[in-house]
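S.K.: A structural model of the following input is requested.
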Amino acid sequence: MMPGMSFGMLVEGSVSVLLAVTIGYCVVLNSRLQRLHADRGALGKMVADLVKATDLANAAVGELRATADEADLALHARLEEAEKFGIELANHVSAGQEVMQRIARVIAVAQQGQRATVEPEQVPAAPNKLQSALQQLAARERIRGDAA
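M.R.: Numbering: from 1, shown residues only. I've put the predicted structure just below:
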């Protein structure tokens, strides 16, 4: 009966070894599942932080866009005001040139009366600052139109 008993012991020994291997595998699997569960929590926290950072970035971009729009409007208003002042200044320069030309004519006539025998002097033409200012203004408008 020894041989039968040794076969039974061999089977029971094999089953016990397989059972020990299964228990060991279950312990390893359990530790992996616990790490996966812990990583899932960390991953969820990371996703929540990412969503929060994205929301903050979107808010900052919105504020930057609003600030840029305000700056654009203010700059546009100042440019229009500067253009009006430029036109007004050109008109004042033109009016000043006309007054200067009248004064020059009066002086020339007065000098002709004093120098009846002397040839009347030609009044030198003053440079046309009005035309220069208007040309500069038109060039600025072209540049501004190209930039828009």
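S.K.: pLDDT weak spots in the protein?
M.R.: Along the chain, segments meeting pLDDT under 70 span 1-5, 115-130, 144-145, 147-148.
S.K.: tell me where it has helices.
M.R.: Assigned by DSSP state H, the chain shows helices spanning 2-114, 129-147.
S.K.: can you add mean neighbour count and give these back as JSON lines?
M.R.: (C-beta placed from N, C-alpha, C; glycine too.) Converted to JSON lines, those look like this (neighbours: other CB atoms under 10 Å):
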{"stretch": "helix 2-114", "mean neighbour count": "11"}
{"stretch": "helix 129-147", "mean neighbour count": "12"}
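S.K.: roughly how far apart are Q111 and R105?
M.R.: As judged by CB to CB, to the nearest Å, Q111 and R105 stand 11 Å apart.
S.K.: for L89, same thing?
M.R.: 25 Å.
S.K.: again, but for H76
M.R.: With distances taken as CB to CB, H76 is found 44 Å from R105.
S.K.: what does I23 give?
M.R.: Applying CB to CB to I23 and R105 gives a distance of 121 Å.
S.K.: and if you look at K45?
M.R.: 89 Å.
S.K.: just Y25 next, same as before
M.R.: Distance from Y25 to R105, by CB to CB: 116 Å.
S.K.: one more: A20?
M.R.: 125 Å.
S.K.: over to T67?
M.R.: T67 sits 57 Å away from R105, taking CB to CB as the criterion.
S.K.: what's the answer for M46, then?
M.R.: Distance of M46 to R105, given as CB to CB: 87 Å.
S.K.: also C26?
M.R.: 116 Å.
S.K.: now A48
M.R.: Distance of A48 to R105, computed by CB to CB: 85 Å.
S.K.: likewise F7?
M.R.: Separation of F7 from R105 (CB to CB) stands at 142 Å.
S.K.: also A53?
M.R.: 77 Å.
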